[in-house]
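Visitor: pasting the structure only:
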């Protein structure tokens, strides 16, 4: 099952499609109410921590808590990202997404955000250090360090590389 969304952000028409299949959780051996923020090393740990935290603090929306944990672990707090994640998405490590659904916290495969760039479908994903821009042509993705690139120039650069590669192909002339 996939959820799809179309919207405009930063002058880019963005089409987002997220696969809604959950990963099976690691075996859970007893309650971990004693889990501390310092014990969180992976999104699975954060999921478990937040499940218990939300039971004990149902009035807290967890936003600042998750933002702090993401900063400590080098993850992305999705509301701080230039990419448009779904409202229920809270954190990504570049590979997976931690989302709060109606039935609790879930981890989904983070395939990136699908968007339309100048009439072409592309996919962009990110981790703490890089943007990964893929024009879905089979040529692979361009990796752009966030320290050196904003998202829009990175997409433009990858578009130029795509045009150059396409021109080099014998069948494109």
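Guide: Yep, it's here. None of these values were measured; they are calculated from a predicted model.
Visitor: my read: residue 95 touches residue 111, true?
Guide: No. Using CB atoms under 8 Å, residue 95 is not in contact with residue 111, being 9.5 Å away. (Each C-beta comes from the backbone N, C-alpha and C, glycine too.)
Visitor: The two: which is more packed in?
Guide: For the pair residue 95 and residue 111, the greater number of neighbours falls to residue 111 (15 against 12), based on other CB atoms under 10 Å.
Visitor: quick one: the more buried one from residue 76, how far?
Guide: 15 Å (CB to CB, to the nearest Å).
Visitor: Direction included, what does the helix or strand hosting residue 132 pair up with?
Guide: Per DSSP states H and E: residue 132 is located in strand 130-134. Note on strand 130-134: by DSSP bridges, its sheet partners are strand 120-126 (antiparallel), strand 141-145 (antiparallel).
Visitor: Turn the ones you listed into TSV, columns for mean neighbour count and distance to residue 72.
Guide: Output for these, formatted as TSV (neighbours: other CB atoms under 10 Å; distance: least, CB to CB, whole Å):
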stretch	mean neighbour count	distance to residue 72
strand 120-126	19	18
strand 141-145	17	21
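Visitor: Residue 37: which of the ones you listed is closest?
Guide: strand 120-126 (23.3 Å; CB to CB).
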